[in-house]
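Undergrad: Model the structure of this input:
(2 chains)
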Amino acid sequence: MDLLSLLIFSPVLGMIVLLFLKADQKRAIRWVALITSLLTLGLALAVVANFDPSRPDLQMTVSIPWIEVSGLPIAYHVGVDGLSILLVLLTAILTPVSILSTWTAIEEDVKTFMLFFLMLEVGVMGVFLALDLFLFYVFWEFSLVPMYFLIGVWGSDRRIYAAIKFFLYTMAGSILMLLAILWLGIQGGTFSLPQLQAAGGIPLNIQIWLFLAFGVAFAIKVPMWAFHSWLPDAHTEAPTAGSIILAGVLLKMGAYGFLRFNLSLFPQATVRLAPWVAALAVIGIIYGAIVSFPQPDMKRLVAYSSISHMGFIVLGLFALNTEGLQGAILQMVNHGVSTGALFLLVGLIYERRHTRLMEHFGGLWKVMPIYASITLIVTLSSIGLPGLNGFVGEFTILLGAFHSAVLGSPLYAAIGVLGVILAAIYLLTMFQRTFFGEVTEEENTQLKDLNWREIVSLAPLLVLIFWIGLYPKPFFHLIAPTVNHLAATLQAAY
Amino acid sequence: MISQSILFSAPLIIVAGWGTILLAIDLFVSRRRWITPLLAALGLVAAMVVVLLQFGGQAELFNGMLIQDTFGSFLQLIFLLTAVLGIALAYDYLKRLGLDKGEYYTLLMFTVSGMMLMAMAGDLIIVFLALELLSFPLYILSGFARPAPASEESAMKYFLLGAFSSGFVLYGIALVYGAAQTTQLNGLATILQSGGYPHGLMLAGVGLILVGLAFKVAAVPFHMWTPDVYQGAPSSIVAFMTVGAKAGGFAALLRFFVVGFPALSASWAPVLVGISALTMIWGNVAAVAQSNIKRMLAYSSIAHAGYILMVLPATAKGGLASIAVSSALFYLFAYMATNLGAWGVVLAVEKRDGEGGAIDDFAGLASRHRLLAFAMAVFMFSLIGVPPTLGFVGKYYIFQTAVHANLIGLALIGVLTSLVSAYYYLRVVVVMYMKSGEVQPRSELWLNGTVGLAALVTLVLGIVPAPLFDFASRSVLMLFGS
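TA: Below is the predicted model:
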């Protein structure tokens, strides 16, 4: 078996082991899941080590014929390039972090939980690595099922509502994509993405329809403004581990979809529609920020802030130049790390106090100093403080948007900047209300600070926050050739 | 000639003949209730073996009254498989309800022989004969829980509406004969191509036959009987009916339109587009409002008929007929595995007194019986069409056919209604996994075994569907003489 397939299906190994464990062997189940996810991380690192960052094309590709439906071949076709390598790595890092976060938080039916969690990792890895449109769709839809169960079974009070909403929204987007995929496949005689890209030649008016059919699926997943209403519910109700993966990885599937399919398959339509999409993105940045501010529930606040942050990513993508694209890809990682960490931190306090409402807290700095300092770092990273990761991504994106030839106006970037300021307001307000002042409630005086397991689970995220913030070059290095190539292709479509 | 005819209709003769003999045998073994179902199943398996041995041959039998080809053989395999699984599902269930009489199994064999005849029909007279042969035992079986009023009501309704629809078919056949002076499908095709027949009379005949067959497959607006009949009849027979009777109706529709009347497709294709769209929309929308699982699955079966109907207008597009028919066959197989499994779980949850049919009665199934709940979840996702299940591949195949035939609007309705269907299928999953309850599922060997097998097939063929694709597409080649 080749490296990429091993990477995608390595969690299945753990799932098989889990099936042989009894439901009450919780300790063993947790360890098996954790070790499996670390194994996957190892494989992901091996992929990075084997990756040749000087090449813009797809690497380590494997193509095995799978099915042939009335003359239309479908292949198991996977490969990695600069667009996907960081997301693969991000997925591999966030999964063990999430599993660690469930150590004491999930007590009910741990076995099934871990089965679904590992299943989810298979689906997500598949999405990022698939190069056959049909295969991509299969992984895309497949990843829905475990997430649906994670929210619906292990979520909080309104979990059922949130789970169904999540499922229906995502499916609503993807069914139109299915039709578009079918159309492309039938016209082109293949579902292979590289072949379809090379063939090109779709008339503009049809490109626009196809762009929209794919775009709705991705816009819902991102979620962009006007398609976002599933997100606050799903994030708030999901268990902590689910929220981390949802925010950290699943949302990136939408942005990645734009990057991988819309931009390269429908370049003319992309150029034509870019200002509209960017406008939606900017509205999302501002809307997400404004709505975040009055949220009393910390988790909900972080959820809404995702809408704002994901807006930056989409803005960067549709600037359609090197800076915008590079910034967007890096920001996907940044958002995954920072927001993942924020959800993890909110989860930790929820586990201790069983509430997420800010009014119940205050003065936690005195009670939990380690927790408070880590939260401060993560909050500042999410705001985009120079020296931390968020700054690098957002700055590059805004730079790209500012002088983007397609957008044609610095206005997008100018309004987008407001989002950074607003983020500082709502995130710092949350921090202030939770950590500063006097301890207002009796129970809060007894709260325990973080233990070793919790610090270990946060450590990789903190390392990334500083690393990307201070020395992002290795990350840009990985993605640059592919991005330059893509930007050049798009340039030709102006 | 005649010996060849008999040889190639051997599977049919085995099922019908063995059913008749079994009627007598049953009298002597009525103490040992397990003998009749076992013998019935063995007979069906024997017929299946013969079908497989003869697979690939092509002949006109009995002067063209019957046609032996791989298309028919594929459908016959579906019927036989459905019947064998239907017996496995019914055995424990009937015992539980105190209905374990041998007639059940012999009647089942008779209806299967009707379906098999339908798959071989080369003449409209045979179509009608097969229709009646497959329907009558089903009328009786629907009322098998006599004297339960619901079951009797169900049988009565089914009979009245069924008789009505048979009348339509017969009248239609008469008109077609009046117009063309033949009832043979091949002969009709020739006459239609050459022209020179009373057009209006022919269209009226075709229309009436379509109405009658639409009743059988429960297409909107001829679906009214379905929910009531399915809710009242014993669940084990409904499980069989939703797949078998529907596939029987489609066997007739496909033969009829693809072999007999392709020349008239300009007239019937738009009508079928409309019926298909209405069936998908109404079946799915009405299912949302159901709180009883049997009614929900009844509407779901209507909806799935709509998806299969999508391929009929596609057959009218030049060069696509064989793809379209093979996608229908594939879908029928996928639907068989998934739907029989789902009904199996319904049977397992149903209580002795026939209660336990509300969707809410499934609450807590996941914690009571992990595997049963898992299987049901697989079936529900397969019915929605989520990968990696067989239902997804089947839907994909049908949609591909539709897009290929440029029926984008119909495909769009197909995917949008699939979204609607996600809502009500998911509700079952929600109730099983996310609510707690006091459900007492049965653990009965044959029942659970069948459910497990169906779940396995749904998953494995969902991941590795290539063999089934090949089988389905090879089966239709002969239909078009290539």
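
Undergrad: which residues of chain B score low on pLDDT?
TA: B:1, B:353-354, B:481-482 (pLDDT under 70).

Undergrad: Enumerate the residues of it near chain A.
TA: Of all the residues in chain B, those in contact range of chain A (CB under 8 Å from any CB of the partner chain) are B:323, B:326-327, B:367, B:381, B:384, B:386-388, B:392-393, B:396-397, B:399-401, B:403-404, B:408, B:411-412, B:415-416, B:418-419, B:422-423, B:426, B:429-430, B:433-435, B:465-466, B:469, B:473. C-beta: built from backbone N, CA, C; applies to glycine.

Undergrad: Tell me the residue of the stretch 101-250 of chain B that sits nearest chain A?
TA: Ranking the residues of the stretch 101-250 of chain B by distance to chain A (CB to the nearest CB) places residue B:250 first, at 18.9 Å.

Undergrad: Pull out the buried residues from stretch A:57-68.
TA: Taking 16 or more other CB atoms under 10 Å in any protein chain shown as the neighbour-count basis, stretch A:57-68 is seen to contain the buried residues A:58-62, A:66-67.

Undergrad: Quick one: residues in contact with stretch B:33-44.
TA: B:14-15, B:18-19, B:22, B:25-26, B:29, B:80, B:83-84, B:87-88, B:90-91, B:95, B:100, B:102, B:105-106, B:108-109, B:112 (CB atoms under 8 Å, 6 or more residues apart in numbering or on different chains).

Undergrad: With stretch A:16-36 instead?
TA: Contacts of stretch A:16-36 with the rest of the structure, by CB under 8 Å, 6+ apart, involve A:10-11, A:13-15, A:96, A:99-100, A:102-103, A:107, A:109-111, A:114-115, A:117-118.

Undergrad: From those, which land in strands?
TA: Secondary structure assignment by DSSP state E places none of these in strands.

Undergrad: Any buried residues in the helix or strand hosting residue B:414, and which?
TA: Applying DSSP states H and E as the criterion places residue B:414 in helix B:408-434. If you call a residue buried by 16+ other CB under 10 Å, then helix B:408-434 has these buried ones: B:410-434.

Undergrad: Next, residue A:131: phi, psi?
TA: Dihedral angles phi and psi of residue A:131 (degrees, to the nearest 10) take the values phi -120, psi 0.

Undergrad: same check, this time on residue A:79
TA: The phi/psi pair for residue A:79 (degrees, to the nearest 10) reads phi -180, psi 170.

Undergrad: Let me see the contact set for it.
TA: When contacts are counted by CB under 8 Å, 6+ apart, residue A:79 is found next to A:4, A:58-62, A:129, A:131.

Undergrad: Pick out whichever of those residues sits closest to chain B.
TA: For the contacts of residue A:79, the minimum distance to chain B (CB to the nearest CB) is 16.0 Å, reached by residue A:129.

Undergrad: need the helices for the stretch 351-494 of chain A, in chain order.
TA: Applying DSSP state H, counting those that start in this stretch to the stretch 351-494 of chain A gives helices spanning A:364-367, A:369-383, A:389-402, A:411-435, A:452-470, A:473-492.

Undergrad: interface residues of the stretch 1-150 of chain A facing chain B?
TA: The stretch 1-150 of chain A has residues A:66-70, A:72, A:109, A:134, A:137-138, A:141-142, A:144-145, A:148-149 near chain B, with proximity defined as CB under 8 Å from any CB.

Undergrad: now do 6 Å
TA: Near chain B, the residues belonging to the stretch 1-150 of chain A are A:67, A:69-70, A:138, A:141-142 when assessed by CB under 6 Å from any CB of the partner chain.

Undergrad: contacting residues around residue A:325?
TA: Shown here is residue A:325, whose contacts under the criterion CB atoms under 6 Å, 6 or more residues apart in numbering or on different chains are A:483, A:487.
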